[in-house]
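**Q** model this:
(one chain, ligands or ions: 1)
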Amino acid sequence: MIAVKNVSYSAGRKQILNNVSFKVAAGEMLAVIGANGAGKSTLLKLLCREMYPASGDIRFNDKDIDSYTIKQLALVRSVLTQHNIVSVMFTVKELVLMGRYPHFENQPLANDIEVVNKVMEDTGITHLSARDYNTLSGGEQQRVQLARVIAQIYDQPNAFLFLDEPTNGLDLLYQQQILQLARDMANRGYIVISILHDINFASRYADKILILKNGETVAFGAPLEVISCENIHEAFNIKVRLMDCEGFKCPLVIPSGILV
Ligand SMILES: Nc1ncnc2c1ncn2[C@@H]1O[C@H](COP(=O)(O)OP(=O)(O)OP(=O)(O)O)[C@@H](O)[C@H]1O
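**A** Next comes the predicted model:
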């Protein structure tokens with residue numbers, strides 16, 4: 001369980017997050033959506049303990065996040081950030097193995113190699129194993145990075161996967177593949193928290209959605225509860241229409257083209 005209670009954060013005089021609260025249970029995927037500058041990345045950084053809230057608390061599995069050592073944190077949460085520039089030549093397999101660094105001292109153990117192979121298989125990148133990471137397409141690189149962060153927590157029950165706009169710059173097929181992999185992790189019992197810009201993908205893959213605006217919560221709950229014309233207008237300042245679509249658990253959001 002991740003429990004965020006009344007969390008606020010300021011940088012100088014700017015209030016970036018104000019009194020944000022939510023809970024995510026094991027096996028659930030939460031999508032965080034909101035306009036540019038709403039505070040999504042800041043929230044993720046607080047969850048990663050890259051920064052500390054000014055007030056409020058964050059609990060991982062009933063333990064205050066501050067009580068975790070760095071090593072314990074590395075074993076309980078894995079983070080896919082937006083910019084993963086690799087300036088040295090690494091093969092795909094070496095890069096995925098980096099996810100196992102918190103698990104071994106000098107040499108990877110048999111279990112680490114096994115996890116790497118399994119995750120590469122799950123993420124469909126085994127055929128890229130010996131390739132130079134820097135020669136891959138953006139979509140392939142993103143899958144490799146996702147494999148790396150999954151490898152980090154692959155054998156850690158009750159762990160969390162945090163994703164910052166994992167589908168950025170990817171074509172529709174890759175977007176679906178990445179979100180399906182995230183969904184599969186939630187189905188295996190992990191908590192997945194992902195910042196997403198596409199509302200329809202958010203409601204399709206996530207169990208819960210948190211909508212932020214100017215650092216405040218517009219809505220939090222199941223997609224069917226929170227995806228409404230009013231909430232989308234409130235958060236993004238755009239008019240939308242909702243359209244029922246067979247096979248989708250939540251109506252699709254269609255921008256109406258009318259501003260404000
Ligand atoms: N250290 C800082 N000092 C001042 N302002 C900051 C600082 N960090 C973030 N901000 C501001 O806080 C707001 C929220 O930033 P954040 O990156 O969390 O938004 P976001 O929702 O992730 O945006 P985007 O969708 O554009 O990535 C922005 O207006 C940003 O400029």
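**Q** near the ligand, anything from the host helix or strand of Tyr9?
**A** Tyr9 is part of strand 2-11, with elements assigned from DSSP states H and E. Yes. If you take Cβ under 6 Å from any ligand atom as the test, strand 2-11 does meet the ligand, through Ala11. In short, each C-beta sits where N, CA and C put it, glycine included.
**Q** So which bits of that strand are buried?
**A** With burial defined by 16 or more other Cβ atoms under 10 Å, the residues of strand 2-11 counted as buried are Ile2, Val4, Val7, Ser8, Tyr9.
**Q** Next: stretch 231-243.
**A** Asn231, Ile232, Ala235, Phe236, Ile238, Val240.
**Q** just checking, what packs against the stretch of helix or strand the third one belongs to?
**A** By that I understand Ala235. Using DSSP H and E, Ala235 maps to helix 229-236. For helix 229-236, the elements it packs on are strand 29-34, strand 208-213, strand 216-221, strand 238-243, judged by 3 or more Cβ pairs under 8 Å, 6 or more residues apart in numbering; DSSP states H and E.
**Q** ok now it, how far from the chain's centre?
**A** Relative to its parent chain, helix 229-236 has a centroid offset of 22 Å by Cα atoms, centre = their mean, to the nearest Å.
**Q** do the same with stretch 36-56
**A** Distance, stretch centre to chain centre, for stretch 36-56: 13 Å (Cα atoms, centre = their mean).
**Q** What mean pLDDT does it get?
**A** Stretch 36-56 shows a mean pLDDT of 96.
**Q** okay, how far is it across that stretch, tip to tip?
**A** Terminal residues of stretch 36-56 lie 24 Å apart, using Cα to Cα, to the nearest Å.
**Q** Does that stretch reach the ligand?
**A** Yes. Using Cβ under 6 Å from any ligand atom, stretch 36-56 reaches the ligand at Asn36, Gly37, Ala38, Gly39, Lys40, Ser41, Thr42.
**Q** neighbours of the nearest residue to the fourth one once chain neighbours are set aside, just the number please.
**A** Same thing as Gly39. Distance criterion Cβ to Cβ, 6 or more residues apart in numbering; nearest residue to Gly39, sequence neighbours excluded, is Gly215 at 4.1 Å. The number of residues packed near Gly215 is 23, by other Cβ atoms under 10 Å.
**Q** Equivalent analysis for the one 3 residues further on, please.
**A** Using other Cβ under 10 Å, Val218 is surrounded by 20 other residues.
**Q** Off-centre distance for stretch 32-49?
**A** Per Cα atoms, centre = their mean, the centroid offset for stretch 32-49 relative to its chain is 10 Å.
**Q** and what of stretch 133-140?
**A** Per Cα atoms, centre = their mean, the centroid offset for stretch 133-140 relative to its chain is 20 Å.
**Q** buried residues in that stretch?
**A** Residues of stretch 133-140 classed as buried by neighbour count (16+ other Cβ under 10 Å): Tyr133, Leu136, Gly139, Glu140.
**Q** What is the lowest-pLDDT residue among the residues you listed?
**A** Comparing the buried residues of stretch 133-140 by pLDDT, Gly139 comes last, at 85.
**Q** Now do that one against the ligand, distance only.
**A** Per Cβ to the nearest ligand atom, to the nearest Å, Gly139 is found 20 Å from the ligand.
**Q** In contact with that residue, which residues are there?
**A** Counting by Cβ atoms under 8 Å, 6 or more residues apart in numbering, Gly139 touches Leu170, Asp171, Leu173, Tyr174.
**Q** check which helix or strand covers it.
**A** Using DSSP H and E, Gly139 falls within helix 138-153.
**Q** Quick one: name whatever helix or strand follows that helix.
**A** Next in sequence after helix 138-153, counting helices and strands by DSSP H and E, comes strand 160-164.
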